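Asks: got a predicted structure here, sequence first:
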Amino acid sequence: EFDLKIPAAGTTGKLVYKIGANGTIDIDVSITPKGNLGHIPRLGMQCTVPATYNQVSWFGNGPHETYADRKAGGIIGQWQASVDDLFFPYIEPQETGNLTDLRNLSLTNAEGQGLTATALGKHLLSGGTYPCLMFDLENRRHPVDIPKRDVVTFNIDHDQVGVGGTVSWGARPLPQYEINPKGTYSWSFRLQGK
């Protein structure tokens, strides 16, 4: 068990890892936002893995990216794609490739070895991958400005704010697609090697 003191306005959290004899790791997460945080874009965990782990498979909305307020066009099913295929080169680099209503999300190499995150309990996951670091998307004018990396960023999220823009581009998401900086958010998932 780990108690977290997150520097964002005194936010606190707790992580509980349960390691199974079969190599699974069950992770219980709770985060309690505090102070005047404003808009929270994402609640989740992130790691990087070698770029050879570039195949994504998931059971959730697909076959393309989906967001809390942009998933009506998605269909719940078993899907797969490459990390590069899920990364859409928007004219101005930005968040891309998110997946919603995930029961599981796997990232594997060409031999099928890798890591699977599976939702536990009643809350489904959100998440996705980037062929770069999340930081690489900031302050870039064009997709060609994103540096090539030898890692893949792997997001396993509780939730991500919606895209917004329903009345004009640049408008905030509707309130039901925001992450409110009040209360406690809790979720659980299992990590398992493939």
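Replies: Nice, I can see it.
Asks: CA atoms of the one helix or strand Ala119 maps to as CSV?
Replies: Per DSSP states H and E, Ala119 falls inside strand 114-120. Output of strand 114-120 as CSV, limited to C-alpha atoms (Å, rounded to 0.1, in the frame of the first residue of the first chain):
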residue,chain,number,x,y,z
GLY,A,114,3.3,-8.1,-23.7
LEU,A,115,1.0,-6.7,-21.1
THR,A,116,-2.8,-6.7,-20.6
ALA,A,117,-4.8,-4.3,-18.3
THR,A,118,-8.2,-5.7,-17.4
ALA,A,119,-11.0,-3.7,-15.6
LEU,A,120,-12.0,-5.0,-12.3
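Asks: just checking: what are the partner strands of the helix or strand just after it?
Replies: Counting by DSSP H and E, the next helix or strand C-terminal to strand 114-120 is strand 125-130. According to DSSP bridges, strand 125-130 forms sheet pairs with strand 99-102 (antiparallel), strand 151-160 (antiparallel).
Asks: how close does Tyr44 sit to Leu102?
Replies: Let me fix one detail, which is that residue 44 is Gly and not Tyr. Noted for Gly44: a distance of 11 Å to Leu102, by C-beta to C-beta, to the nearest Å. All C-beta atoms are positioned from the backbone trio N, CA, C, and that covers glycine.
Asks: okay, the two: which has more neighbours?
Replies: Using other C-beta atoms under 10 Å, the more surrounded residue of Gly44 and Leu102 is Leu102, with 24 against 18.
Asks: list residues touching both of Gly44 and Leu102?
Replies: Shared contacts of Gly44 and Leu102 (C-beta atoms under 8 Å, 6 or more residues apart in numbering): 126-127.
Asks: confidence score at Cys132?
Replies: Per-residue pLDDT puts Cys132 at 96.
Asks: next one: Ala171
Replies: 85.
Asks: so which of the strands paired with strand 125-130 is the most surrounded?
Replies: strand 99-102 (a mean of 24; mean count of other C-beta atoms under 10 Å).
Asks: I'd like the next helix or strand past it.
Replies: Under the assignment DSSP H and E, the closest C-terminal helix or strand after strand 99-102 is strand 104-108.
Asks: against which helices or strands is that next one packed?
Replies: strand 55-62, strand 114-120, strand 125-130, strand 151-160 (3 or more C-beta pairs under 8 Å, 6 or more residues apart in numbering; DSSP states H and E).
Asks: with distance to Leu15 added, can I get those strands in TSV?
Replies: Output for these, formatted as TSV (distance: least, C-beta to C-beta, whole Å):
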stretch	distance to Leu15
strand 55-62	23
strand 114-120	14
strand 125-130	16
strand 151-160	13
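Asks: many thanks, I have nothing further to ask.
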